[in-house]
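Peer 1: Make a model of this:
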Amino acid sequence: MHEEDMFREVLDRFESSVDQRGRLQDEIQRLQSDLYRLQDEVAKQKQTVSRALVVDLVDSMLDVNNRIRQIKAVRDLTGMGLKEAKELVEEVRRKWGYTQ
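Peer 2: Next up, the predicted model:
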């Protein structure tokens, strides 16, 4: 009888681990699905943000008298620091003949 009890206990543990493995695989599939959905959402948001930044950049470039707006647009698009963005904007302005 003792061997039967041990066998039953081993069998119960095995069945339990199989059930747990199945639940874990289901959870992994759910998490992968969530990850793919989030990646798609992030890609859509990046497109929206990129479009908005480009529109701001074009607007700021058309408004040649607004250096602050131009510098801000360059910083937003490139991640440059204030000094670097200012120098770039001034360089472009000089190149195009806007020295004011």
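Peer 1: other SSEs contacting the helix or strand in which M61 is found?
Peer 2: Assigned by DSSP states H and E, M61 falls within helix 2-62. Helices and strands touching helix 2-62, by 3 or more C-beta pairs under 8 Å, 6 or more residues apart in numbering; DSSP states H and E, are helix 67-78. For glycine as for every other residue, the C-beta is placed from the backbone atoms N, C-alpha and C.
Peer 1: Show me what the mean pLDDT comes to for the helix it packs on.
Peer 2: Mean pLDDT, helix 67-78: 84.
Peer 1: and that helix, what does it pack onto?
Peer 2: On a contact count with 3+ C-beta pairs under 8 Å, 6+ apart, helix 67-78 meets helix 2-62, helix 82-95.
Peer 1: Could I get those helices in TSV, plus columns for mean neighbour count, distance to R75 and mean pLDDT?
Peer 2: TSV is the format used below for these (neighbours: other C-beta atoms under 10 Å; distance: least, C-beta to C-beta, whole Å; pLDDT from 0 to 100):
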stretch	mean neighbour count	distance to R75	mean pLDDT
helix 2-62	11	10	81
helix 82-95	14	5	87
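Peer 1: Kind regards, and thank you for your time.
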